[in-house]
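Student: The following block contains a protein sequence and its predicted model.
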Amino acid sequence: MQERGFLRYTPAGVPVIEFRIAHASEQIEAANPRRVECELACVAVGPPALLLKEASPGMGLVVGGFLAARSLKQKAPVLHVTMIEFAEKI
């Protein structure tokens, strides 16, 4: 995890937290190795948000979820995290 925002609650009382993850790996493309690095905006809602409130930047995470547009007007992707596993940073 690169950075983590503050835990907040929706008007309905559902916990929400925004954070950023970084990915770095080597992939094969056109039969050649390629170094891949990127950062991705994420949001966790409900129980996953409560798990992340104790996490600190630099912790290793394995996450799963789905991509969605940030809003109706901003089409940039945000990963909506529904599954979190804490892992050693690689």
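Tutor: Yep, that arrived.
Student: Quickly list what Phe19 is bridged to.
Tutor: Per DSSP bridges, the residues bridged to Phe19 are Arg4, Cys42.
Student: could you pull out the strands for the protein?
Tutor: With DSSP state E as the criterion, the chain has strands at 3-4, 8-9, 15-29, 32-45, 60-69, 77-87.
Student: ranking those by burial, who's on top?
Tutor: Mean neighbour count (mean count of other Cβ atoms under 10 Å) peaks for strand 3-4 among the strands of the chain, with a mean of 16. Every residue, glycine included, has its C-beta placed from N, CA and C.
Student: residues in contact with it?
Tutor: 17-20, 52, 55-57 (Cβ atoms under 8 Å, 6 or more residues apart in numbering).
Student: mind running it again at 7 Å?
Tutor: Outside strand 3-4, the residues that touch it by Cβ atoms under 7 Å, 6 or more residues apart in numbering are 17, 19-20, 52, 55, 57.
Student: for stretch 22-39, same thing?
Tutor: By Cβ under 7 Å, 6+ apart, stretch 22-39 touches 2, 20-21.
Student: ok, now how distant is Ala68 from Lys75?
Tutor: As for Ala68, its distance to Lys75 is 10 Å (criterion: Cβ to Cβ, to the nearest Å).
Student: Test my guess that Leu40 contacts Ile21.
Tutor: Yes: counting by Cβ atoms under 7 Å, Ile21 is a contact partner of Leu40 at 5.5 Å.
Student: got a list of what the residue nearest the centre of the chain touches?
Tutor: Nearest to the mean C-alpha position of the chain, counting by Cα atoms, centre = their mean, stands Cys42 at 3.7 Å. Counting by Cβ under 7 Å, 6+ apart, Cys42 touches 19-21, 63, 78-79, 81.
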